[in-house]
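Got a predicted structure plus its sequence, pasted below:
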Amino acid sequence: MLGEQIPKLNQELPRYKLLISIVALSVLVAIAIPTASLIANMYGPNFLVLYGAVILITLAISGWLVQDPTKNQPLPLIPTTPDPYEIAYLQSQETGVVKVAVIDLIQRGYLEINEILIKQAKNHPNLDELTPLQREVFDWFSTSRTATEMVFLRSLTEHVQPHCSYQQQLQSEQLLNTDEFKARKSLTGLIGTLIILGLGSFKLLVALAKGRHNVGFLILMGIISLYLLWCICQPPPRLSSRGKLYLKQLEQTFAQLKQKVKTDLSSVLEYNLVVALFGVSALAGTPYDYHQKILSPVIKTTSSSSSSSGGCGSSCGGGSGCSSGSSCGGGGCGGGCGGCGGG
């Protein structure tokens, strides 16, 4: 009973945070309107102190509002028989699923590599044993494909996308960031920008109207604070804090498989898990070494073209151990006694 109440509380907490922030903003506006003339006539250095305080409060509240709600959640239990396809999707979405599917079908005799061509095996096993996703990959190789084609994975991922139904399950396990969390970060950033930019711009216009141009510190504070706000409220990565830690836990748990698959004693599942977690390059030195030499350049090229990075990312901790039933997987910068207008 208590376990069911905790996730519900975690889902409702962001709403309370947003409600509190809206009320606080309303109070701030109600206070600011009557004091507009006071701010307009405020002595420059005094306004800088006030502006710095507003910036610090805005950044602090924004940071509180956009905390990853999963950072203190316990990690899911690692299942006894993990699903390589789900883990692959958690690791690298459809691209990872395709990598696992191709290697899986090669191992099971559905596909074969002939020099640089990947094609359907002539005497392949019964197709009824394939899942819809695996069947889609198999059918895509009805025409022999050259492994060095630049569109190899990109085209195939488009075919398997309708069969990759892991997103909802992973989001329900709080391993992926939700659209609601992304929208909350965006709204928080917008409100913070309006507060910082609105107050600073108001004082800047008043100063310029009075013929005062010693507004360097004011502009500098505004630019730096907006940059810090962007760092706090930038779009979150695909994986939640819980998802990152769970994926790291999976990699640590199955790290020994990278050595085990270099013998002939490994199962199809073990090879698939290695590819899902560590990529095709992890097959180097295994009985499928030839396959990884053919597939790795294409996979690396496709993966690098779709990767992206962002600055100022925030790190989130939380959780430890193998724990639940997942089947997968500064405002006042500047300083000194500048002008800013004012008497």
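Right, received. Where do you want to start?

ok, which stretches of the stretch 101-250 of the chain are strands?
111-114, 117-120, 145-146 (DSSP state E, counting those that start in this stretch).

Which elements pack onto the shortest one?
Translated: strand 145-146. Secondary-structure packing of strand 145-146 (3 or more Cβ pairs under 8 Å, 6 or more residues apart in numbering; DSSP states H and E): strand 117-120. Glycine gets a C-beta too; all of them are placed from N, C-alpha and C.

Let me see the mean pLDDT of the strand it packs on.
Strand 117-120 shows a mean pLDDT of 84.

And the contacts of it?
102, 110-112, 138, 141-147, 294 (Cβ atoms under 8 Å, 6 or more residues apart in numbering).

Pull out the buried positions in it.
By 16 or more other Cβ atoms under 10 Å, the buried positions in strand 117-120 come out as 118, 120.

Show me how far it is from its chain's centre.
When C-alpha coordinates are averaged (Cα atoms, centre = their mean, to the nearest Å), strand 117-120 and its chain have centres 35 Å apart.

and if you look at stretch 261-278?
With Cα atoms, centre = their mean as the basis, stretch 261-278 stands 27 Å off its chain's centre.

Can you point out the buried residues in that stretch?
The neighbour-count criterion (16+ other Cβ under 10 Å) identifies 261-262, 266, 271-278 as the buried residues of stretch 261-278.

Can you name the residues in contact with it?
With Cβ under 8 Å, 6+ apart as the test, stretch 261-278 has contacts from 81-82, 84-85, 87-88, 91, 96, 99-100, 103-104, 107-108, 250-251, 254, 257-258, 260, 282-283, 285-288.

need the strands of the stretch 101-250 of the chain in a markdown table with distance to M42, can you?
A markdown table is the format used below for the strands of the stretch 101-250 of the chain (distance: least, Cβ to Cβ, whole Å):
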| stretch | distance to M42 |
| --- | --- |
| strand 111-114 | 74 |
| strand 117-120 | 72 |
| strand 145-146 | 70 |
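
Quick one: closest of the ones you listed to Y227.
strand 145-146 (46.5 Å; Cβ to Cβ).

who's in contact with that closest one?
Among residues not part of strand 145-146, those counted as contacts by Cβ under 8 Å, 6+ apart are 116-119, 152.

Only alpha carbons, please: show stretch 267-283 as CSV.
Extracted C-alpha coordinates of stretch 267-283, given in CSV (Å, rounded to 0.1, in the frame of the first residue of the first chain):
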residue,chain,number,x,y,z
SER,A,267,24.3,-18.3,-25.7
VAL,A,268,22.4,-16.3,-28.2
LEU,A,269,20.9,-14.2,-25.3
GLU,A,270,24.4,-13.4,-24.0
TYR,A,271,25.6,-12.2,-27.4
ASN,A,272,22.4,-10.1,-27.7
LEU,A,273,22.9,-8.6,-24.3
VAL,A,274,26.5,-7.6,-25.1
VAL,A,275,25.4,-5.9,-28.3
ALA,A,276,22.5,-4.2,-26.6
LEU,A,277,24.7,-2.8,-23.8
PHE,A,278,28.2,-2.3,-25.4
GLY,A,279,27.6,-2.2,-29.1
VAL,A,280,28.7,-4.4,-32.0
SER,A,281,32.3,-3.5,-31.4
ALA,A,282,32.2,-5.6,-28.3
LEU,A,283,32.1,-8.7,-30.6
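
In the stretch 151-300 of the chain, where is pLDDT below threshold?
Regions of the stretch 151-300 of the chain meeting the criterion pLDDT under 70 cover residues 151-153, 292-300.

where exactly do the helices run in it?
Assigned by DSSP state H, counting those that start in this stretch, the stretch 151-300 of the chain shows helices spanning 152-160, 167-172, 179-209, 216-233, 241-253, 257-260, 268-278, 289-306.

and P74, which of the ones you listed is closest to it?
Per Cβ to Cβ, nearest to P74 of the helices of the stretch 151-300 of the chain: helix 241-253, 8.6 Å.

how about the closest one: buried residues?
241-247, 249-250.

Centroid-nearest residue for this structure?
Centrality entry for the chain: nearest residue to the mean C-alpha point is P237, 1.7 Å, by Cα atoms, centre = their mean.
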